[in-house]
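Novice: pasting the sequence and the predicted model now:
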Amino acid sequence: SRSSPTGRCTDLQIQFTEAVSAVSEQKDLIAKLEHDLSTMQSLSAMHRPDAEGAAIQYLETVPEPIKEATALFYGQPSSAGTQIPEGQVDSLLSIISSQRERFRARNHELEAENRLMQHTMQALQSELDNLRADNIKLYEKIKFLQSYPGRVSLQSRRTAQQAACFETW
(Lines give C-alpha, C1' and ligand atoms only; values in the text may rest on other atoms or scores of the structure.)
Protein backbone atom coordinates (compact mmCIF):
# COMPACT_ATOMS: atom_id res chain seq x y z
CA SER A 1 0.00 0.00 0.00
CA ARG A 2 2.96 2.30 0.66
CA SER A 3 4.11 1.97 -2.96
CA SER A 4 0.78 3.27 -4.21
CA PRO A 5 0.34 7.01 -4.75
CA THR A 6 -2.19 7.17 -1.91
CA GLY A 7 0.18 5.45 0.53
CA ARG A 8 3.06 7.65 -0.58
CA CYS A 9 0.85 10.72 -0.17
CA THR A 10 -0.07 9.60 3.35
CA ASP A 11 3.60 9.09 4.22
CA LEU A 12 4.44 12.54 2.90
CA GLN A 13 1.59 14.10 4.86
CA ILE A 14 2.94 12.51 8.06
CA GLN A 15 6.47 13.72 7.30
CA PHE A 16 5.11 17.16 6.47
CA THR A 17 3.24 17.35 9.79
CA GLU A 18 6.37 16.28 11.68
CA ALA A 19 8.48 18.87 9.86
CA VAL A 20 5.96 21.62 10.57
CA SER A 21 5.92 20.76 14.28
CA ALA A 22 9.73 20.66 14.38
CA VAL A 23 9.90 24.08 12.70
CA SER A 24 7.37 25.40 15.20
CA GLU A 25 9.43 24.06 18.11
CA GLN A 26 12.58 25.60 16.67
CA LYS A 27 10.89 28.96 16.23
CA ASP A 28 9.68 28.84 19.84
CA LEU A 29 13.18 28.01 21.07
CA ILE A 30 14.69 30.81 18.98
CA ALA A 31 12.12 33.28 20.28
CA LYS A 32 12.81 32.19 23.87
CA LEU A 33 16.56 32.50 23.38
CA GLU A 34 16.18 35.92 21.76
CA HIS A 35 13.93 37.01 24.63
CA ASP A 36 16.46 35.79 27.19
CA LEU A 37 19.26 37.62 25.38
CA SER A 38 17.24 40.83 25.17
CA THR A 39 16.37 40.51 28.86
CA MET A 40 20.05 40.12 29.59
CA GLN A 41 20.85 43.21 27.54
CA SER A 42 18.05 45.30 29.06
CA LEU A 43 19.17 44.38 32.56
CA SER A 44 22.70 45.43 31.74
CA ALA A 45 21.47 48.74 30.35
CA MET A 46 19.79 49.67 33.64
CA HIS A 47 21.70 52.03 35.89
CA ARG A 48 21.10 51.59 39.57
CA PRO A 49 22.85 53.84 42.02
CA ASP A 50 24.75 51.94 44.70
CA ALA A 51 23.29 54.08 47.48
CA GLU A 52 19.71 53.36 46.50
CA GLY A 53 19.69 49.75 47.73
CA ALA A 54 16.06 49.10 46.71
CA ALA A 55 15.27 45.90 44.84
CA ILE A 56 14.11 46.16 41.27
CA GLN A 57 10.53 44.88 41.12
CA TYR A 58 10.57 42.99 37.83
CA LEU A 59 14.01 41.47 38.47
CA GLU A 60 12.23 38.71 40.39
CA THR A 61 10.60 37.47 37.17
CA VAL A 62 13.96 36.94 35.44
CA PRO A 63 15.24 33.34 35.71
CA GLU A 64 18.14 32.89 38.13
CA PRO A 65 20.68 31.64 35.54
CA ILE A 66 20.10 34.78 33.49
CA LYS A 67 20.52 36.97 36.56
CA GLU A 68 23.79 35.23 37.36
CA ALA A 69 25.11 35.37 33.82
CA THR A 70 24.16 39.02 33.46
CA ALA A 71 25.69 39.97 36.79
CA LEU A 72 28.89 38.09 36.04
CA PHE A 73 29.07 39.40 32.50
CA TYR A 74 29.02 42.97 33.75
CA GLY A 75 31.27 42.38 36.72
CA GLN A 76 28.62 42.51 39.44
CA PRO A 77 28.53 39.76 42.06
CA SER A 78 25.63 37.35 41.61
CA SER A 79 23.14 36.41 44.27
CA ALA A 80 24.49 32.86 44.33
CA GLY A 81 27.98 34.13 45.05
CA THR A 82 29.69 32.04 42.37
CA GLN A 83 32.38 33.66 40.29
CA ILE A 84 32.89 32.74 36.67
CA PRO A 85 36.15 33.85 35.08
CA GLU A 86 35.91 36.48 32.33
CA GLY A 87 36.86 33.96 29.65
CA GLN A 88 33.98 31.71 30.61
CA VAL A 89 31.50 34.58 30.41
CA ASP A 90 32.71 35.36 26.90
CA SER A 91 32.50 31.69 25.97
CA LEU A 92 28.97 31.55 27.40
CA LEU A 93 27.95 34.37 25.11
CA SER A 94 29.67 32.76 22.12
CA ILE A 95 28.02 29.42 22.94
CA ILE A 96 24.60 31.04 23.06
CA SER A 97 25.28 32.92 19.83
CA SER A 98 26.51 29.81 18.02
CA GLN A 99 23.56 27.83 19.34
CA ARG A 100 21.23 30.50 17.99
CA GLU A 101 22.95 30.33 14.59
CA ARG A 102 22.69 26.51 14.58
CA PHE A 103 18.98 26.78 15.38
CA ARG A 104 18.53 29.32 12.62
CA ALA A 105 20.38 27.13 10.12
CA ARG A 106 18.34 24.09 11.17
CA ASN A 107 15.17 26.17 10.92
CA HIS A 108 16.10 27.16 7.36
CA GLU A 109 16.81 23.50 6.52
CA LEU A 110 13.45 22.43 7.91
CA GLU A 111 11.64 25.20 6.07
CA ALA A 112 13.33 24.14 2.81
CA GLU A 113 12.40 20.53 3.52
CA ASN A 114 8.86 21.68 4.30
CA ARG A 115 8.62 23.48 0.94
CA LEU A 116 9.99 20.40 -0.83
CA MET A 117 7.44 18.19 0.92
CA GLN A 118 4.63 20.56 -0.04
CA HIS A 119 5.80 20.53 -3.66
CA THR A 120 6.05 16.73 -3.63
CA MET A 121 2.60 16.43 -2.07
CA GLN A 122 1.14 18.72 -4.73
CA ALA A 123 2.79 16.66 -7.47
CA LEU A 124 1.51 13.42 -5.96
CA GLN A 125 -1.98 14.87 -5.52
CA SER A 126 -1.94 15.94 -9.17
CA GLU A 127 -0.78 12.48 -10.21
CA LEU A 128 -3.50 10.92 -8.06
CA ASP A 129 -6.14 13.14 -9.66
CA ASN A 130 -4.86 12.18 -13.14
CA LEU A 131 -4.93 8.49 -12.23
CA ARG A 132 -8.49 8.79 -10.95
CA ALA A 133 -9.55 10.52 -14.18
CA ASP A 134 -7.82 7.76 -16.18
CA ASN A 135 -9.59 5.11 -14.10
CA ILE A 136 -12.95 6.72 -14.80
CA LYS A 137 -12.23 6.83 -18.53
CA LEU A 138 -11.09 3.21 -18.52
CA TYR A 139 -14.19 2.17 -16.58
CA GLU A 140 -16.40 3.93 -19.11
CA LYS A 141 -14.56 2.22 -21.99
CA ILE A 142 -14.89 -1.17 -20.32
CA LYS A 143 -18.60 -0.66 -19.79
CA PHE A 144 -18.99 0.40 -23.41
CA LEU A 145 -17.01 -2.58 -24.67
CA GLN A 146 -18.96 -4.96 -22.45
CA SER A 147 -22.19 -3.68 -23.89
CA TYR A 148 -20.86 -3.69 -27.47
CA PRO A 149 -20.06 -7.42 -27.79
CA GLY A 150 -23.51 -8.25 -26.42
CA ARG A 151 -25.11 -6.38 -29.30
CA VAL A 152 -22.76 -7.96 -31.79
CA SER A 153 -23.47 -11.42 -30.52
CA LEU A 154 -27.21 -10.73 -30.66
CA GLN A 155 -26.88 -9.48 -34.23
CA SER A 156 -24.64 -12.37 -35.17
CA ARG A 157 -27.22 -14.77 -33.70
CA ARG A 158 -29.95 -13.14 -35.78
CA THR A 159 -27.74 -13.28 -38.83
CA ALA A 160 -26.98 -16.92 -38.13
CA GLN A 161 -30.70 -17.67 -37.66
CA GLN A 162 -31.54 -15.87 -40.91
CA ALA A 163 -28.75 -17.70 -42.67
CA ALA A 164 -30.06 -20.98 -41.30
CA CYS A 165 -33.54 -20.11 -42.54
CA PHE A 166 -32.24 -19.31 -46.00
CA GLU A 167 -30.20 -22.49 -46.13
CA THR A 168 -33.20 -24.59 -45.28
CA TRP A 169 -35.09 -23.19 -48.28
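Specialist: The structure has been received and is ready for your questions. Values in this document were obtained by computation on a predicted structure and should not be read as measured data.
Novice: thinking Gln99 is in contact with Leu33, fair?
Specialist: Yes - Gln99 is in contact with Leu33 according to Cβ atoms under 8 Å; the separation is 7.2 Å. Where C-beta positions appear, they are placed from N, C-alpha and C, glycine not excepted.
Novice: what about Thr39, neighbour count?
Specialist: Neighbours of Thr39 under the rule other Cβ atoms under 10 Å: 17.
Novice: and for Thr17, the neighbour number?
Specialist: 11.
Novice: just Ile30 next, same as before
Specialist: 16.
Novice: secondary structure element holding it?
Specialist: For Ile30, the element it lies in under DSSP states H and E is helix 5-45.
Novice: so which elements touch that helix?
Specialist: helix 64-73, helix 86-168 (3 or more Cβ pairs under 8 Å, 6 or more residues apart in numbering; DSSP states H and E).
Novice: lowest-confidence stretch among those?
Specialist: Note on these: lowest mean pLDDT is at helix 64-73, with a mean of 69.
Novice: excluding chain neighbours, what is closest to Thr120?
Specialist: Spatial nearest neighbour of Thr120, chain neighbours left out: Leu12 (5.8 Å); criterion: Cβ to Cβ, 6 or more residues apart in numbering.
Novice: look up how far Asp90 lies from that neighbour.
Specialist: In this view, Leu12 and Asp90 are 45 Å apart by Cβ to Cβ, to the nearest Å.
Novice: of these two, who's got more company?
Specialist: Leu12 (18 against 11).
Novice: contacts only, for that one.
Specialist: Contact analysis of Leu12 by Cβ atoms under 8 Å, 6 or more residues apart in numbering lists 117, 120-121, 124.
Novice: what sits against Leu124?
Specialist: 5, 8-9, 12.
Novice: narrow the residues you listed to those that are buried.
Specialist: 8-9, 12 (16 or more other Cβ atoms under 10 Å).
Novice: reformat those residues as a markdown table; add distance to Glu86 and pLDDT.
Specialist: As requested, those are arranged in a markdown table below (distance: Cβ to Cβ, whole Å; pLDDT from 0 to 100):
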| residue | distance to Glu86 | pLDDT |
| --- | --- | --- |
| Arg8 | 56 | 89 |
| Cys9 | 57 | 90 |
| Leu12 | 51 | 92 |
